[in-house]
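**Student:** Structure for the following, please:
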Amino acid sequence: MRRVGAKGNQKVRLLIVEGLSIILLLVFSLSVKVSPALPAFSGSGGEMDPELRTASVFDFLWSKDDLAKEVLRLSFPMLRYAEAGRHDTPEVPLSLRIAGYFMGFTPTSVRDLVFAGFPGFLLESRALEASGIVTDPKNLEDDWGYTPVMFSLPPGDGVTPAAAALSTGPLVGIYHTHATESYLPELGKTQAAEAFSSNMSKTVVKIGEMLAAELETRYRIPVLHSRTVHDSETRVGAYYRSEQTVKAILDKYPTCTYLIDLHRDSQPRNITAVTIRGKSYARILFVVGTNNPNWVKNYEVSRKLSDKLEEAYPGISRGILYESAVYNQKYSPNAILVECGGVGNTMEECENTVQALAWALASLMLPSAPPVP
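**Tutor:** Numbers count the residues shown, from 1 in each chain. I've put the predicted structure just below:
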């Protein structure tokens, strides 16, 4: 009886895998979706003439790597175990990934699907979650004496050097796609959805200022810090808006060899806090978007930083999270997306972490590695 049951379960698994494979093939054969953020492939160097080059079925399927890889993971469970150590964030269920394929983004919950169908609900919900995010630039001026550019950034506007450059221009550019991300202890709040603020002295913008100051004063590395707000009304489209910032930075300051998009993660404190040698730190997560031609080099830089940090501050790095996205990392081989802590961390913990991150960056950039602070 047990053998029969085992065979029955095996048949069910095979049927499920076959069914998913058929659905996947139908999805890919009936729809071809091109991301508006990525230009179509035009060929370069020794590539064959696009008109004569015919992509194989495998090429086509693998280009849609989120779903294709998920099906492969179902067929080969060891692939999932091999990738499990990459990050400690929960995986998005396959059903939501499939829905996200048609909707142009990957929802993390059924709630996201509902809001996507009713944009008004999305905006209203985000306003509530943000706990007072304002849309009037004048109010932001009252908070930090700065006029943000919401949707576009002409060269020079919204970008201020952290200090007088010691070279021909800044070597590091820091910006924030989600500038309103904050920390609950700083706001006196308890719910993760409330960890947003229009007061930039309580958000990741302040962390960016700390990082810029540390690089400038301790290591004499010239830094440019953009405080432009890209998510004042909604996070939807924030990466498109921050892309304009990245272009403006590189257009006016081509000396920027490192681009850092500084964020705050949504994970709870038990995941994002660590005590090292008696001092509390906000843990760092590096994120690499694999849908860009620089992703391997982006990964290499993130890996070097993560390894450096772990050598000097064991446990401070949460590793590298791979996502099928761009994150504006296509503009530089040294583009880095950093999640500094989570909703439950304090500014003091983030400041401790910034000192460690600045040291790791300086170790890569300077001729000789500086001492660990």
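
**Student:** For G169, which three-state class applies?
**Tutor:** The three-state assignment at G169 reads coil, by DSSP: H, G, I helix; E, B strand; the rest coil.

**Student:** can you pull the pLDDT of the nearest residue to it once chain neighbours are set aside?
**Tutor:** Distances taken as Cβ to Cβ, 6 or more residues apart in numbering place T255 nearest to G169, at 3.3 Å, with adjacent residues excluded. Heads up, the C-betas are built off the backbone N, CA and C, glycines and all. We have a pLDDT of 92 for T255.

**Student:** so who does T255 touch?
**Tutor:** Counting by Cβ atoms under 8 Å, 6 or more residues apart in numbering, T255 makes contact with 167-171.

**Student:** Just the buried residues of these.
**Tutor:** Neighbour-count burial (16 or more other Cβ atoms under 10 Å) is assigned, among these, to 170-171.

**Student:** which SS class is the residue nearest to G169?
**Tutor:** Per three-state DSSP, T255 ends up coil.

**Student:** Kindly list the main-chain dihedrals of it?
**Tutor:** Note on T255: backbone dihedrals following degrees, to the nearest 10 are phi -70, psi -10.

**Student:** now the helices for the chain?
**Tutor:** Here the chain has its helices, by DSSP state H, at 2-30, 57-63, 65-75, 77-83, 94-103, 110-117, 119-129, 137-144, 184-187, 204-219, 238-252, 269-272, 295-312, 347-365.

**Student:** Hmm, A335 is touching E300, no?
**Tutor:** No. Using Cβ atoms under 8 Å, A335 and E300 do not qualify as a contacting pair, with a distance of 11.7 Å.

**Student:** Give me the more crowded residue out of those two.
**Tutor:** Taking neighbours as other Cβ atoms under 10 Å, A335 and E300 compare with A335 leading, 26 against 14.

**Student:** Ramachandran angles for T190?
**Tutor:** Taking degrees, to the nearest 10, you get phi -130, psi -20 for the backbone angles of T190.

**Student:** nope, P314 is what I meant
**Tutor:** Backbone torsions of P314, given as degrees, to the nearest 10, read phi -60, psi 120.

**Student:** What residues does the residue lying closest to it once chain neighbours are set aside make contact with?
**Tutor:** Spatial nearest neighbour of P314, chain neighbours left out: I276 (6.6 Å); criterion: Cβ to Cβ, 6+ apart. By Cβ under 8 Å, 6+ apart, the residues touching I276 are 313-316.

**Student:** Averaging pLDDT over each of the helices of the chain, report the lowest-scoring one.
**Tutor:** Lowest mean pLDDT of those: helix 137-144, a mean of 32.

**Student:** any idea how far K206 is from Q244?
**Tutor:** Distance, Q244 to K206, by Cβ to Cβ, to the nearest Å: 23 Å.

**Student:** meant to ask about L171
**Tutor:** 22 Å.

**Student:** before we move on, what about A362?
**Tutor:** A362 is 21 Å from K206, by Cβ to Cβ.

**Student:** Domain map for the chain?
**Tutor:** 58-117, 135-365 (automatic domain parsing).

**Student:** residues near R277, how many?
**Tutor:** Neighbourhood size, R277 [other Cβ under 10 Å]: 7.

**Student:** Next, give phi and psi for it.
**Tutor:** Main-chain torsions, R277, degrees, to the nearest 10: phi 50, psi 40.

**Student:** Can you give me the pLDDT of it?
**Tutor:** At R277, pLDDT is 97.

**Student:** didn't A212 look like it was pressed against R227?
**Tutor:** No. Counting by Cβ under 8 Å, A212 does not reach R227; the two are 10.3 Å apart.

**Student:** When these two are compared, which one has more neighbours?
**Tutor:** A count of neighbours by other Cβ under 10 Å puts A212 above the other of A212 and R227, at 27 against 21.

**Student:** Next one: that one relative to S280, how far apart?
**Tutor:** A212 is 23 Å from S280, by Cβ to Cβ.

**Student:** show me the contacts for L187.
**Tutor:** Applying Cβ under 8 Å, 6+ apart, the residues near L187 are 131, 194-195, 197, 202.

**Student:** for E310, that is, sorry about that
**Tutor:** Counting by Cβ under 8 Å, 6+ apart, E310 has contacts 316-317.

**Student:** at 6 Å what do you get?
**Tutor:** Residues in contact with E310, defined by Cβ atoms under 6 Å, 6 or more residues apart in numbering, are S317.
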